[in-house]
Each structure stands twice: as C-alpha cells, then as structure tokens.
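# Build the 3D model from these lines:
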Amino acid sequence: MNQKYRLSPSIIASYFKHRCDRQYRWDSVEQRDRGRTGIGWNVPQSPRFHSRPGIALLMSAGDAFEVERLEQLQRDYGPDQVYHMGFDRDEHGRRTVRPLPLPDLAAVLRRPSPPRFAAQIFVDLEETPDHALHFLARFGLDPALVRVGTARPDLLEIIPTAGGPSRLRVWDFKASQAARHEHFIQVAFYTFLLEEALHAVGLDDAYAVDTEWGVIYARGGPDAFELPPYRLAIDEFLRFRATPLLLTPATEAHYHVNLGCPMCQYNDSCRAEADAGRDLSRVAYMTSESKRRLVRAGFRTHRELAQLAEDEPRWEQLRAAGHDLSVNLGRYVAVSRALDDGRPRPLHGLSLTVPAWESVRVILSAEQDPVTNTCFALGLKTIEWDSGETADGRLPTCLLYTSPSPRDRTRSRMPSSA
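Have a look, this model is predicted:
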C-alpha cells in the first residue's frame, strides 16, 4: 500500500490563508486514498461538483482574467515575446492556457534569443525521482511519507543579466482586486520548485530563479513584492510544522468553524460535526487560537466551558494564556451557558454587528465578492419609521447600483423592491 501525502503550492497557500490544520491534513490526501485504511482513514471524499454556489463561475472568471492578461502582455511586448502553447476551449467557450511541459520550456530557454515571457509552466519533479528526493531532503521531509505534487506557475519573466546567468522571475495571475498574503506564499513555493526544476533540465548554469522578487498580477495591476520573508516562512513550515500536521489522525486535526469557512468544501461536514458535538466553534466570535488553548486546558465542548466558574484558579490561568482570552473569556463562558440552557445572558457590552439602538431613515447595504474583495452592488433605502412611508408619502424604494466588473467604471441603475 503505497500511500503518500501530496505537497502542492495551492494546499500550502491555503494553509497560510486559513491556518486550518484539518483542511491541510485532509487536502494532502489523494482522492483514491480517502476512506481507505492508512492515511486516508476518516478523510471524506471531495464532492464531485463544487458545493458552494458560484464557485465554478469564479473559477471561470479567473481563467478568463488570465487569458486577458496574457493577451495584454502580447500587445504590450509583442506576440513573439510571450511564449505559450495556445489555448483550449471547452463546450461553453471557456478558454484556458495550455500547460508548457518542462522539457519544452528548456527548449525555449536554450534559444539564442529567448522571449521575454513563458506561460503556464508545468512542473512535475516526480518525473525525475532523484530531483524529487533532493527537493524533499532540502526540507527534511520523508520521501516515504510525502510526494511532490505538480505545479503550474502562470508566467516566467526571463531577465538577462550582464556577466551572469539570466534570472527567471515568477508571476502569478490572480483575479482578486489586489494581491494577498497567500498569493505571495504560493509564488514563493514556486521558486523552490523551479530551482530544483532547473537542475532537472540541466539549465542551472545558464539560468537562476529570482529569489528576491516575485510578481502578482491582480486586477489592480502587477504588484512586485520581496520574496525572502515568504521563502523563510515556507522553509520553517516545511521543516517543523508540515510533518507533525500530516501525522495527526484525521479526526484529531484541529478545526474551527468561522466566517472564513463558507467557501471550503468541508464546511458542511465541519458545521454538522460542531453542532452534533457541541464544539467550541459554536461560541460566537471565538478565535481559532483561543479554541486551541481551551482544548489544551481540557475544554472540548461549550457545555464543559459553561461549567467554568470565575473563582476557579483555571479562570485566571486561561486569561493569561492569550490576549483574546484575557479580554473575552467571560463573554465566551456566558455564551456557552446560553447555548446550554437556552436562556439569554447579558454580555455588558455591544456585539460586533448590532448597535445598542439606532434611529436612521437612510439605510445603505452592500454586497461584496469574497474572492475579488470588491463591492458589486450597493443599495440605498429611505424609511419613515412611524408610518412606513417616505417623507413624500410614497412607499420605501431601493435603488441598486451594480458594476458588472471591478474594471468597468460605468454603473447601471435599476429600481428594486427591496
């Protein structure tokens, strides 16, 4: 039974975004191994289709954004300066860039005058097992436990250097409005893979991966950033954190249902588990790190936390365990008691979203796209609270302003009954 965990750029980037041990542990298991004795025991199969509404549309928008940016680079630098293998088109007309295998990239780089850019590099170190082993050994990872997954950096910029090897700078296209932390992590991991890939094709004398700068091309334009901090973070994670997380039994990997979970494929199962087991995730606004500390202290459910009394020695010990608990432990205990017996508890303060009172007749509402982080709809409503009518006697109306694209500066205006 040759089961191995998969090490991939997207899985690592997702961990740095969500800091969810469970997601990292489960995502690292191949579909064929899930539910089977071994590393996949108690790891659920991924849904065949995306369970969250709109995910497929967002992925399609991301592919379209990449194609548009690639064509823009061709217009800016010339068609012969952006090398790619062409486009594939599905039955819905959706275009994607074909992958450029590593041997084909090597042929392009060996040209007397290589282009400025090469797109969609397909890196599979497992095709050259010695190099996969060398890559894993660099971070102290066990090749009997982990295999190197494939990667597809979106773009390489080829930068000639006087008197030395040319540099290969990694670009990645992201359809979000601006570059984010996890995007930087993903590019940094690509640089590690490409360093080994250059050895695999024998080009490490003629080329060097740029380990100082990377580029995220988001909707706001190209964003160059410094790589060393992110490479250091990945190095530390792979050396000291990755293996212990993978060796944790699947059911024991830490999880915490919170506002960042709805886009995750495991959200429904995690939420059902939390509800069924009275998990601490059900305590509103509790942080994941506070839950970790409470679990270490022996509190695994909100029913157990509800029994904590303020005069117990553990109360001050928990408050000293971290800033969030020092401020909010009393709130968490009160909420736990309310969950246990159904009786409201005063929290002696305001919640994060509900004010103590309001007296307004103009209400603004906004809808946000969590991927692009842009506002795509804005509603405006006027209300006369005493009669339910507006000041001129008409019923309340709402004007909805929508922008079809964050890049489109024109807005359509349409009435709404909201």
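# Check which helix or strand residue 182 maps to.
Residue 182 is part of helix 181-200 when elements are defined by DSSP states H and E.
# What residues does the closest residue to residue 237 other than its chain neighbours make contact with?
Using C-beta to C-beta, 6 or more residues apart in numbering and skipping the chain neighbours, the partner closest in space to residue 237 is residue 12 (7.2 Å). From N, CA and C alone the C-beta is placed, and that goes for glycine too. Applying C-beta atoms under 8 Å, 6 or more residues apart in numbering to residue 12 gives the contacts 185, 186, 189, 234, 237.
# what angle do the helix or strand hosting residue 12 and helix 181-200 make?
Element membership for residue 12 (DSSP H and E) is helix 9-18. Helix 9-18 runs at 150 degrees relative to helix 181-200, counting by axes from the mean of the first three to the mean of the last three C-alpha atoms, to 10 degrees.
# Quick one: mean pLDDT over helix 9-18.
The average pLDDT within helix 9-18 is 95.
# got it, and stretch 327-345?
Mean predicted lDDT for stretch 327-345 stands at 93.
# Who are the contact partners of residue 218?
Here residue 218 is in contact with 173, 174, 175, 176, 177, 178, 179, 183 (C-beta under 8 Å, 6+ apart).
# go on, residue 166?
By C-beta under 8 Å, 6+ apart, residue 166 lies in contact with 114, 158, 159, 160, 206, 207, 208.
# Now the fifth one. Nearest residue, chain neighbours left out?
Closest residue to residue 206 apart from its sequence neighbours, by C-beta to C-beta, 6+ apart: residue 165 at 5.6 Å.
# Let me see the confidence value for the one you found.
Reported pLDDT for residue 165: 94.
# where's it relative to residue 191, distance?
For residue 165, the distance to residue 191 equals 15 Å [C-beta to C-beta, to the nearest Å].
# re earlier: the residue nearest to residue 206 contacts residue 205, correct?
Yes. Using C-beta atoms under 8 Å, residue 165 makes contact with residue 205 at a distance of 6.7 Å.
# Can you pick out the residue with more neighbours from the two?
The residue with more neighbours, out of residue 165 and residue 205, is residue 165; 15 against 8, by other C-beta atoms under 10 Å.
# Now find how far off-centre the helix holding residue 182 is within its chain.
17 Å (C-alpha atoms, centre = their mean, to the nearest Å).
# Extract the C-alpha set from it and format it as PDB.
Written as PDB, here are the backbone C-alpha positions of helix 181-200 (Å, rounded to 0.1, in the frame of the first residue of the first chain):
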ATOM      1  CA  HIS A 181      -0.700  37.100   1.700                       C
ATOM      2  CA  GLU A 182      -1.500  33.600   0.500                       C
ATOM      3  CA  HIS A 183      -0.700  34.700  -3.100                       C
ATOM      4  CA  PHE A 184       2.800  35.700  -2.000                       C
ATOM      5  CA  ILE A 185       3.300  32.300  -0.300                       C
ATOM      6  CA  GLN A 186       2.300  30.400  -3.400                       C
ATOM      7  CA  VAL A 187       4.800  32.300  -5.600                       C
ATOM      8  CA  ALA A 188       7.500  31.700  -3.000                       C
ATOM      9  CA  PHE A 189       6.800  28.000  -3.100                       C
ATOM     10  CA  TYR A 190       7.000  28.000  -6.900                       C
ATOM     11  CA  THR A 191      10.500  29.500  -6.700                       C
ATOM     12  CA  PHE A 192      11.700  26.500  -4.600                       C
ATOM     13  CA  LEU A 193      10.300  24.000  -7.100                       C
ATOM     14  CA  LEU A 194      11.700  25.900 -10.100                       C
ATOM     15  CA  GLU A 195      15.200  25.900  -8.500                       C
ATOM     16  CA  GLU A 196      15.100  22.100  -8.500                       C
ATOM     17  CA  ALA A 197      13.500  22.000 -11.900                       C
ATOM     18  CA  LEU A 198      16.400  23.900 -13.400                       C
ATOM     19  CA  HIS A 199      18.700  21.200 -12.100                       C
ATOM     20  CA  ALA A 200      16.500  18.600 -13.600                       C
END
